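[1] predicted model, plus sequence, below.
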Amino acid sequence: MTGAPDDLDLLAAGDPATPPQRLADIAARRHDLHAVIAANPSTYPELRQWIGQVNPGYAQQIAVPSTSVVPPYAGAPYGSGFAAPPVAPRRKGLGWIFAGCGCLTLVAGIVIAAVVIGGLGASTAGGGGSDGGRPTASTVDEQLAVIRTESTEYEKLAAQLEGNPVAPLVTQPTRFQRLQADAEALKASTALEKVRQAQARTLAERATKYRSDLQRLITAAEGRRANASGTSEEQLVDSAGNGFIDIQWNADSECSTSENPESTTAGCVTNTPEQLIVHILPREKMRGGDEAARLTTLHELAHLYQHTDVETTADGEVGPATKLKEAGLFQGSGEVMSDCYALTYLGLNSLTVGDVTLGYGYVCNDSERQAIRDWAKAIHAPMPG
């Protein structure tokens, strides 16, 4: 997603032609760019002093240019005394995204809801991974070498998820593509060398963090590959994600509550790069027994598969799951599509299990089931037969 707002911020922060007001605005929103802003010769002294107060670690990375001349914009907003720019709320990614209404029309009352927790936006520099730290290189060429090394290691790690249907949700390829685009832009930049060094350091930190994050997720997945519970639903999750998806029996506390008093939310998912979790009801609360638990688990897994559209589709384009819904299949509903995946996987022709009806009230037809099989094959999602 080259050209996202944070990329423009990075370029503007190091550009001497950027107006002082905008530099102040960026400083208030983007503490990870304080080093770049401090190195910009157009940054007025009071803004540098404010950066030094609120973020001394970043301010010390760049030597502040000395001048005895009062710049003509010294009286601009944010340039009076030591007044700090009004700090805007920091970006919080996508926040909570609710996929579907969270309540189903049921005969005997179990709801399969899909609650997707967001956070797909790219990580900003400065956090660092547990084993990463800040690169020690100083020149632009050295920082670019760090980026190349980290990119190579990242690609090796990402290759371990080849064929995994949730690989895009774990590896987040778009953010690394954006990083590489920013590195290419830096090579062509005509900014002052000190500014380019600050930009290069920020990019190298991002590369180190992305590689470190992925390594941590791979290590965590290795510890989840055994079916600790011995249940059929955990077996389904392990088979689908090879440890990169967790399952927890806590839908009664983690999922939204149905507005229908005769319905119960049976499942939802957490979908962030750090956590891919299928939440379902505890066994003792899951009416319909093993079959209901399997239907619920498969329905929620299908929501994770659908969400890969976001990470694998370029801006302005439509992903494979979205295309199927826009073509009129599954009544245009992601919830019905998830029901259809579960029914097709299990070879069932009804959403009713005993005295309980699950799902969203529509049983998909043969053509829709074939579309599900084709879709599952294309994204490497499990599908018997």
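    Happy to help now that I have it. No experiment lies behind these values; they were computed from the predicted model shown.
[2] mind telling me what element Ala12 is part of?
    For Ala12, the enclosing helix or strand under DSSP states H and E is helix 5-13.
[3] next structured bit after that helix?
    Counting by DSSP H and E, what follows helix 5-13 is helix 20-29.
[4] show me what counts as buried in that following helix.
    Pro20, Leu23, Ala24, Asp25, Ile26, Ala27, Ala28, Arg29 (16 or more other Cβ atoms under 10 Å). No exception for glycine: its C-beta is placed from N, CA and C like everyone else's.
[5] C-alpha coordinates for it, PDB please?
    Below are the C-alpha coordinates for helix 20-29, written out as PDB (Å, rounded to 0.1, in the frame of the first residue of the first chain):
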ATOM      1  CA  PRO A  20       6.900  24.400  10.000                       C
ATOM      2  CA  GLN A  21       3.300  24.000  10.800                       C
ATOM      3  CA  ARG A  22       3.200  20.600   9.200                       C
ATOM      4  CA  LEU A  23       6.500  19.500  10.900                       C
ATOM      5  CA  ALA A  24       4.800  20.300  14.200                       C
ATOM      6  CA  ASP A  25       1.700  18.400  13.300                       C
ATOM      7  CA  ILE A  26       3.800  15.300  12.300                       C
ATOM      8  CA  ALA A  27       5.900  15.600  15.500                       C
ATOM      9  CA  ALA A  28       2.700  15.500  17.600                       C
ATOM     10  CA  ARG A  29       1.400  12.400  15.800                       C
END
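[6] have a look at this structure and report its longest strand.
    strand 265-271 (DSSP state E).
[7] name the strands paired with it and say parallel or antiparallel.
    Strand 265-271 has the following sheet partners, assigned by DSSP bridges: strand 111-112 (parallel), strand 276-280 (antiparallel).
[8] can you list contacts of the longest one?
    Same thing as strand 276-280. Here strand 276-280 makes contact (Cβ atoms under 8 Å, 6 or more residues apart in numbering) with 166, 169-170, 233, 237, 241, 244-251, 254-255, 266-270, 286, 293, 296-297, 300-301, 304.
[9] quick one, which of the residues you listed are buried?
    For these, buried by 16+ other Cβ under 10 Å: 166, 169-170, 233, 237, 241, 244-247, 249, 251, 254-255, 266-270, 286, 293, 296-297, 300-301, 304.
[10] among those, which are in helices?
    If you go by DSSP state H, those have 169-170, 233, 237, 241, 251, 254, 293, 296-297, 300-301, 304 in helices.
[11] before we move on, the earlier item: comparing the strands paired with strand 265-271, which gets the lowest mean pLDDT score?
    Among the strands paired with strand 265-271, strand 111-112 carries the lowest mean pLDDT, a mean of 49.
[12] pull the helix or strand with minimum mean pLDDT from this structure.
    Lowest by mean pLDDT, DSSP states H and E among the helices and strands of the chain is strand 96-99, with a mean of 25.
[13] can you give me the neighbour number for Thr139?
    When counting by other Cβ atoms under 10 Å, one arrives at 12 neighbours for Thr139.
[14] my read is that it contacts Arg196, right?
    No - using Cβ atoms under 8 Å, Thr139 makes no contact with Arg196, being 9.4 Å away.
[15] okay, and for the stretch 1-150 of the chain, where does confidence drop off?
    In the predicted model of the stretch 1-150 of the chain, residues 1-7, 56-137 satisfy pLDDT under 70.
[16] if you set the cut-off to 50 instead, what comes out?
    Across the stretch 1-150 of the chain, the ranges flagged by pLDDT under 50 are 1-7, 59-110, 112-135.
[17] quickly list the domain ranges of the protein.
    Domains of the chain are assigned by automatic domain parsing as 1-90, 96-121+229-379, 140-222.
[18] in a markdown table: the ones you listed, plus distance to Gly385.
    Output for the domains of the chain, formatted as a markdown table (distance: least, Cβ to Cβ, whole Å):
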| stretch | distance to Gly385 |
| --- | --- |
| domain 1-90 | 37 |
| domain 96-121+229-379 | 8 |
| domain 140-222 | 17 |
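[19] tell me which stretches of the stretch 251-385 of the chain form strands.
    Secondary structure of the stretch 251-385 of the chain (DSSP state E, counting those that start in this stretch): strands located at 265-271, 276-280, 352-353, 356-357.
[20] please render those as JSON lines that adds distance to Lys323 to the earlier fields.
    JSON lines is the format used below for the strands of the stretch 251-385 of the chain (distance: least, Cβ to Cβ, whole Å):
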{"stretch": "strand 265-271", "distance to Lys323": "20"}
{"stretch": "strand 276-280", "distance to Lys323": "23"}
{"stretch": "strand 352-353", "distance to Lys323": "30"}
{"stretch": "strand 356-357", "distance to Lys323": "29"}
